[in-house]
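[1] I would like the atomic coordinates for the input below:
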Amino acid sequence: MVNFLKKRLVASTHALAHRSNTSHKIRAQYSYQRMSTTALLVLCLGALPLLSGCSKPPTDPSKQTIPTNSDQWQTKLGDTFEQLPEGDRQLLSRYMLRMKLSGAYESGAMPRITIKQALVQQREYERLHPNNPTGKKSPVVINQQKGAIHALTYPVALLPVKTSDSDSLNQVKLQFMLSNHGTVAIKSFQGTLLMKDAKLTKGKKFNVPLTQFKSPIEPEQSGKIIIESSIEDINVMRAIRNAQDVTIEISEGTLTLTDGQNIKFVNALAK
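    Numbering: from 1, shown residues only. Predicted coordinates for the structure are as follows:
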């Protein structure tokens, strides 16, 4: 009987110990889970300022630098251009067109500037040039520039002519010397020559029919243009006699070169 009671006591002790261990394990597991949840919550709350700090504030498109190479404008400024207000987009477009027409970016003459600086410059330019916001040159200016270049490349001079002051109506043979400072020989000329002199109130025009040069005028060589003209003005006659004081221009006409190229002179204005 005593042995039986001893066995029941040992069994009860083991059961109590087992339940006590199980209870400790459950409480420990619950405590661990609670700590893990709390730690995770703290980490998440702590990460919120970091996440908000990583998001970049919107950039100011006007601070974007304009590439000095105009070929890169489309690729480098495409997205930035869309961020600008409509008025600034139009203003910047006119600035870019003005720079493109001037050739400044192709020649590397323009420094790097921001869009904001470009807009300021364009506003000032348009204030000073309200009728020409892009700086486009008119056809008249372009033709005058071409005419000036042609005049230097193909100058004409009048050779001295012996005449009489008593002749009020005189058929005069005039000889002009056409020089070629170009790179291709001159085959022919047809047009109008304008003679200017300080003593004349207006220039005197001479029509030149199609003149085919027997030998093309080679570069850095000269050839003669010979015409006959009726001179009624005695002052014109005197100017012809003093050929060193007059200047001759090709006011309009066409020079044909041996390579088939036509050099045109259009309405040079007499002054």
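
[2] The stretch 151-271 of the chain: helices as residue ranges?
    Along the stretch 151-271 of the chain, counting by DSSP state H, counting those that start in this stretch, helices occupy 234-241.

[3] which SS state does R112 fall under?
    coil (DSSP: H, G, I helix; E, B strand; the rest coil).

[4] so what's it up against?
    T65, I66, P67, T68 (Cβ atoms under 8 Å, 6 or more residues apart in numbering). Where C-beta positions appear, they are placed from N, C-alpha and C, glycine not excepted.

[5] Can you give me the pLDDT of the spatially closest residue to M195 that is not a sequence neighbour?
    Ranked by Cβ to Cβ, 6 or more residues apart in numbering and with sequence neighbours excluded, the top spatial neighbour of M195 is K204, at 4.5 Å. With respect to pLDDT, K204 has a value of 90.

[6] same thing with the one 3 residues further on?
    Looking at N207, its pLDDT is 94.

[7] Tell me what the spatially closest residue to it that is not a sequence neighbour is bridged to.
    Nearest non-adjacent residue to N207, counting by Cβ to Cβ, 6+ apart: T192, 5.6 Å away. Per DSSP bridges, the residues bridged to T192 are N207, E252.

[8] In this structure T192 contacts G253, no?
    Yes. Counting by Cβ atoms under 8 Å, T192 does reach G253; the two are 5.9 Å apart.

[9] Need the overlap of contacts for the two.
    V208.

[10] Thought V246 was touching L194, still the case?
    No. Assessed by Cβ under 8 Å, L194 is found out of contact with V246, at 10.3 Å.

[11] I'd like to know how many residues surround the spatially closest residue to F206 that is not a sequence neighbour.
    Nearest residue to F206, sequence neighbours excluded (Cβ to Cβ, 6+ apart): L193, at 4.7 Å. Look at L193: counted by other Cβ atoms under 10 Å, it has 25 neighbours.
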